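Q: have a look at this fold, sequence not included:
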RNA sequence: CGGAGCGUAGCGCAGCCUGGUAGCGCGCUUGGUUUGGGACCAAGAUGUCGGAGGUUCGAAUCCUCUCGCUCCGACCA
């Protein structure tokens, strides 16, 4: 491709509404343009990366035995009513009517449609197992789209659905997809973790999220430094081996803590470490119960663990009046001593003695508080957020490392939720009708490309890994008016094209500075600079975008060497 | 949906408080000089000031309504 004839509108300035680096760079590098909130056009340069991502997904899924199909964006309400999601899905489901006033929605996911297809076309166990996937534009009317392709309303997603006769088959399908996903992200050249995840509202008993590691990630994850265990922080289990409660050595003592409410303030005021304090949170559950939760002062509550423990939909921090009614004091002074509600304590508390707690009165705390002697706990449980350094629950020696991650893929064992609701059955070898066991598997295509940029950029621009880069090689013709430079560049360009290398020739009438800046911004992995100075010696200059490494190549060997480097980079 | 803010040239912004000529930088066009890290000189083009209504002799500016967008909180690939 010739730059002069291409559409690659780079921006010198960062668009004001782009928050994260991938969004900024995709805008600046002319990969995407916004059409409406959370809705983007894929410009030619960006589309090339998207297509590459899709192709990698296709190849790996096909290899895993999945079959590609394509379902419609417009879904009839009928199907969604049948599964019950027409009512449940809420405003995120974009609904509309056709000319006959029949209700439709834009598909935010396709369990209904696929289940409908399978129940109508598959009737025997002999046709199983079956795994169908599509790469399709989805629409979810997100409350708050942001971060460009990272969280759009309209986005390209690969979704796959597996159908099996029994649980065992579903497990096999699941692990095949898990492995295919590992291969996909590996091939993209991304640093990622497959983490155990909370399966959330979609249901099912087992799920893994695939997280690309990046500072800007919206999810916290931990992984063991010794074994394979990795989990979303929402889910990460904590263990306490041989936890013993130390003997109490201090008297319970009431102290004045004027104006000191937060743990930091109280700890600083009493000159103790926050880890020597216990905080008491008053929460209200979806079942309208008020519970008190005890955590070590420097820890965070994991409300998902708590909700799961209590068997409720949610447990939220109680409103000020509720706190006041429960503890007799304004927020900031709650403590377990004398509380009338159920008290759930994090297991870690069992290993503490002589700690500081709230006094349930304005400006009052207790020091030297101890379990049993001073107050009762209804239940000890793992309810805190895991952090780096916590011991691994699966192996003896490992410790957690903590990361930020961008969720780019998710694999779910769905079970029979949809097949049951929509009556998708086949006959088994006994001639008995069996409800299909399903799995579903998603990958955010655009999000993965954005995540790859989050992970591969510097202050000058992006540096996408070779497998996702829009072009593999950039030939920078420094001065198109110089006959030798022009001829050498054209020759190189032609040779690379003939070798099947994806090459962009910067033949624009621009000054070198502009060409270099644009080159760094758009981040094509390998750049050949053809300039008069080096050409006199018969050389061209190679710059590796990601490392910044530069070297001279004889003009005669350059194309061949580049072809080799591209091949090497694609292999990893 | 709740809270905060912004809509002025393709992009980034000033002007608004205190009403009277629509401006700056970048980009764009033309000519010339320049050509290894976002050049310089000269001449240009470009605006329903988001929209509607109101106040006023006069509105980008004040008032009302409306639409769109962005940011902070609960969802998700």
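A: Sure thing, it's come through. Here the structure is a predicted model, which is why all the values come from computation and not from measurement.

Q: what sits against the closest residue to RNA strand B within the stretch 251-400 of chain A?
A: Nearest to RNA strand B in the stretch 251-400 of chain A, going by CB to the nearest atom of the strand, is residue A:314, at a distance of 7.5 Å. (C-beta placed from N, C-alpha, C; glycine too.) The neighbours of residue A:314, taking CB atoms under 8 Å, 6 or more residues apart in numbering as the test, are A:285-286, A:303, A:307.

Q: if we go to 7 Å?
A: Applying CB atoms under 7 Å, 6 or more residues apart in numbering to residue A:314 gives the contacts A:285-286, A:307.

Q: narrow those residues to those in strands?
A: residue A:285 (DSSP state E).

Q: with adjacent residues omitted, what lies nearest to residue A:52?
A: Closest residue in space to residue A:52, ignoring its immediate chain neighbours: residue A:468 at 5.4 Å, by CB to CB, 6 or more residues apart in numbering.

Q: and the one you found, backbone torsions?
A: Dihedral pair for residue A:468: phi -110, psi -10, per degrees, to the nearest 10.

Q: how much space between it and residue A:235?
A: According to CB to CB, to the nearest Å, residue A:468 stands 29 Å off from residue A:235.

Q: out of these two, which sits in the busier spot?
A: Neighbour count, other CB atoms under 10 Å: between residue A:468 and residue A:235, residue A:468 has more, with 23 against 20.

Q: the more buried one and RNA strand B: what is the separation?
A: 15 Å (CB to the nearest atom of the strand, to the nearest Å).

Q: so what's that residue up against?
A: Residues in contact with residue A:468, defined by CB under 7 Å, 6+ apart, are A:49, A:52-53, A:188, A:449, A:452.

Q: tell me if the biggest strand by length in chain A is near RNA strand B.
A: Longest strand in chain A, counting residues (DSSP E): strand A:400-415. Yes. For strand A:400-415, a contact with RNA strand B is found by CB under 7 Å from any atom of the strand, at A:407-410.

Q: doesn't residue A:534 lie inside a helix?
A: Yes. According to DSSP: H, G, I helix; E, B strand; the rest coil, residue A:534 belongs to a helix.

Q: please list all residues in contact with the closest residue to it other than its chain neighbours.
A: Here the nearest residue to residue A:534 in space, its sequence neighbours aside, is residue A:541; by CB to CB, 6+ apart that works out to 5.7 Å. By CB under 7 Å, 6+ apart, the contact list for residue A:541 reads A:529, A:534, A:550, A:552.

Q: could you do residue A:403 as well?
A: Residue A:403 neighbours (CB under 7 Å, 6+ apart): A:193, A:213, A:221, A:223.

Q: try 6 Å this time
A: Shown in contact with residue A:403 (CB atoms under 6 Å, 6 or more residues apart in numbering): A:213, A:221.

Q: likewise for residue A:275?
A: Residue A:275 sits next to A:296, A:298 when contact means CB under 6 Å, 6+ apart.

Q: at 7 Å instead, please
A: Taking CB under 7 Å, 6+ apart as the contact definition, residue A:275 lies against A:296-298.

Q: the residue lying closest to residue A:436 once chain neighbours are set aside: neighbour count?
A: Leaving aside its chain neighbours, residue A:436 sits nearest to residue A:419 (4.2 Å; criterion: CB to CB, 6+ apart). Here the number of neighbours of residue A:419 (other CB under 10 Å) works out to 22.

Q: next one: residue A:402
A: Counted with other CB under 10 Å, residues neighbouring residue A:402 total 15.

Q: distance of it from RNA strand B?
A: When CB to the nearest atom of the strand is the yardstick, residue A:402 and RNA strand B sit 17 Å from each other.

Q: on the three-state scheme, the nearest residue to that residue once chain neighbours are set aside is what?
A: The shortest distance from residue A:402 to any residue other than its chain neighbours is 3.6 Å, reached at residue A:388 (CB to CB, 6+ apart). Secondary structure for residue A:388, judged by three-state DSSP, is coil.

Q: so residue A:388 touches residue A:236, yeah?
A: No. Using CB atoms under 7 Å, residue A:388 is not in contact with residue A:236; the gap is 10.8 Å.

Q: now stretch A:113-131, how far from the chain's geometric center?
A: 30 Å (CA atoms, centre = their mean, to the nearest Å).
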